[in-house]
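**Q** Next comes the sequence, and after it the predicted model I'd like to discuss.
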Amino acid sequence: MNIISIILYTISINLDNIPIGISFKLKNKKSKFNEIFKISILTSLITFISMIIGTNISSILPIKFANRLGASVLIAFGIYLLIKEYKSKEITNNTQASEIYEIVLLSINNIFAGISASITGINYFFASIFNFIFSTIFLYLGTIIGKKINSTKLELYSNYLSAIILIILGIIELK
């Protein structure tokens, strides 16, 4: 088990939680721990399930092929996210609908990244635990940052950083 890969993976898929935490604060919502807890549990559960699926896929494929496939998908997904972010000229408004949309997108990101990461051999149990930890930390951090800075710039940079980390993780796992 490569703990660095698990940490890189879980940081990458959770960086998008910072802008969500910021949007809680910008809307003058009191950041209740139970909201943060619910989102963290949901994304961790989705990560766990998607990684089990990836593990099952990798069990029917030759190990080298499965590893290269998973790593390639991580790299491709990171590149896709970079291109999507580069092409996007507008950042969604801080409305309840966009917040739910962001959470759904996070979940979808966790599904694709989870399947790919587990195919490369990242342990789904520890990845799910680290996902919960980093999800909670980044959501809470976002609520703290939301008091002090413009969320648009942070959202832009966190999305780019998340994509770059996925690409780096894919390269590391490309054995």
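**A** Good, I have the coordinates.
**Q** going forward, measure contacts and count neighbours with C-alpha atoms only.
**A** Will do.
**Q** list the buried ones in the helix of greatest length in the chain?
**A** In the chain, ranked by residue count with DSSP state H as the criterion, the top helix is helix 33-60. For helix 33-60, the neighbour count (16 or more other Cα atoms under 10 Å) marks 36-37, 39-55, 58 as buried.
**Q** in what helix or strand does the closest residue to residue 48 other than its chain neighbours lie?
**A** Spatial nearest neighbour of residue 48, chain neighbours left out: residue 128 (5.4 Å); criterion: Cα to Cα, 6 or more residues apart in numbering. Using DSSP states H and E, residue 128 sits in helix 124-145.
**Q** Can you tell me which helices and strands that helix packs against?
**A** Packing partners of helix 124-145 (3 or more Cα pairs under 8 Å, 6 or more residues apart in numbering; DSSP states H and E): helix 3-14, helix 17-26, helix 33-60.
**Q** Run the angle between the longest helix of the chain and helix 3-14 for me.
**A** Counting by axes from the mean of the first three to the mean of the last three Cα atoms, to 10 degrees, helix 33-60 lies at 120 degrees to helix 3-14.
**Q** ok, residues contacting the next helix or strand after helix 33-60?
**A** Scanning forward in sequence from helix 33-60 by DSSP H and E, the next helix or strand is helix 63-87. With contact meaning Cα atoms under 8 Å, 6 or more residues apart in numbering, helix 63-87 is reached by 57-58, 112-113, 115-121, 156, 159-160, 162-171, 173-175.
**Q** Just the buried ones from those, in PyMOL syntax?
**A** Buried members of the contacts of helix 63-87, defined by 16+ other Cα under 10 Å, are picked up in PyMOL with:
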select buried, resi 58+112+113+115+116+117+118+119+120+121+156+159+160+162+163+164+165+166+167+168+169+170+173+174
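**Q** So which of the contacts of helix 63-87 sit within helices?
**A** Among these, the members falling in helices (DSSP H) are 57-58, 112-113, 115-119, 156, 159-160, 162-171, 173.
**Q** quick revisit: the longest helix of the chain - contacts with which helices or strands?
**A** Taking 3+ Cα pairs under 8 Å, 6+ apart as the contact cut, helix 33-60 packs with helix 63-87, helix 96-119, helix 124-145.
**Q** before we move on, back to that, buried ones in the helix holding residue 128?
**A** Result for helix 124-145 [16+ other Cα under 10 Å]: buried residues 124, 126-145.
**Q** for the chain, what are the low-confidence residue spans?
**A** Along the chain, the model assigns pLDDT under 70 to residues 1, 23-32, 89-106, 149-156, 158, 175.
**Q** which residue sits farthest out from the middle of it?
**A** residue 62 (27.1 Å; Cα atoms, centre = their mean).
**Q** Tell me how many other residues crowd residue 7.
**A** For residue 7, the count of nearby residues is 16 (other Cα atoms under 10 Å).
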